[in-house]
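Visitor: Pasting the sequence and the predicted coordinates here, then a few questions.
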Amino acid sequence: MDTLVTVTRTADTDVQHRQIIMSIDGEPFATLMYGQTVTKPIAPGPHKIKAYNTLVWKTLEFDLKEGEHASFSVVNLPGKWTFSLLALLGAGPLYVSLERTS
């Protein structure tokens with residue numbers, strides 16, 4: 001039985017802009033654009049998952065037992081001035097949300 005991690009980037013609240021780089025325990029896991037999902041096997045035990053959009057990052061600790069399947073949702077969220085700055089400069093502050101969903 002495989003121990004798996006799935007990360008999805010499909011939330012309606014996502015600004016659908018900029019990649020989110022995922023790593024687990026400091027090792028590359030995936031680079032997600034909006035609408036993508038990735039699942040990979042990992043070893044059982046304690047882990048740290050990190051989501052980084054090249055501006056800000058979020059890190060969560062989790063522990064998996066043999067055969068367990070952990071799912072996470074990652075979202076690029078707009079800040080207060082994001083859309084104004086996007087219109088003016090073509091870039092604006094985006095924040096990352098990372099939460100375990102199962």
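Guide: Received the coordinates, thanks.
Visitor: longest strand in the chain, by residue count?
Guide: strand 69-78 (DSSP state E).
Visitor: what does stretch 5-13 contact?
Guide: The contact list for stretch 5-13, computed with Cβ atoms under 8 Å, 6 or more residues apart in numbering, reads 20, 22, 24, 29-30, 32-42, 47, 49, 64, 69-77, 97, 101. Every residue, glycine included, has its C-beta placed from N, CA and C.
Visitor: Buried ones in stretch 24-31, by neighbour count?
Guide: For stretch 24-31, burial by neighbour count (16 or more other Cβ atoms under 10 Å) applies to 24, 29-30.
Visitor: Closest to the centroid, which residue in this protein?
Guide: residue 74 (3.5 Å; Cα atoms, centre = their mean).
Visitor: Just to check, that residue is in contact with residue 51?
Guide: Yes. Taking contacts as Cβ atoms under 8 Å, residue 74 lies within contact range of residue 51: 4.7 Å.
Visitor: sorry, back to before: can you list contacts of the longest strand of the chain?
Guide: For strand 69-78, the external contacting residues (Cβ under 8 Å, 6+ apart) are 3-11, 13-18, 20, 22, 32, 34, 49, 51, 53, 60, 62, 64, 92-102.
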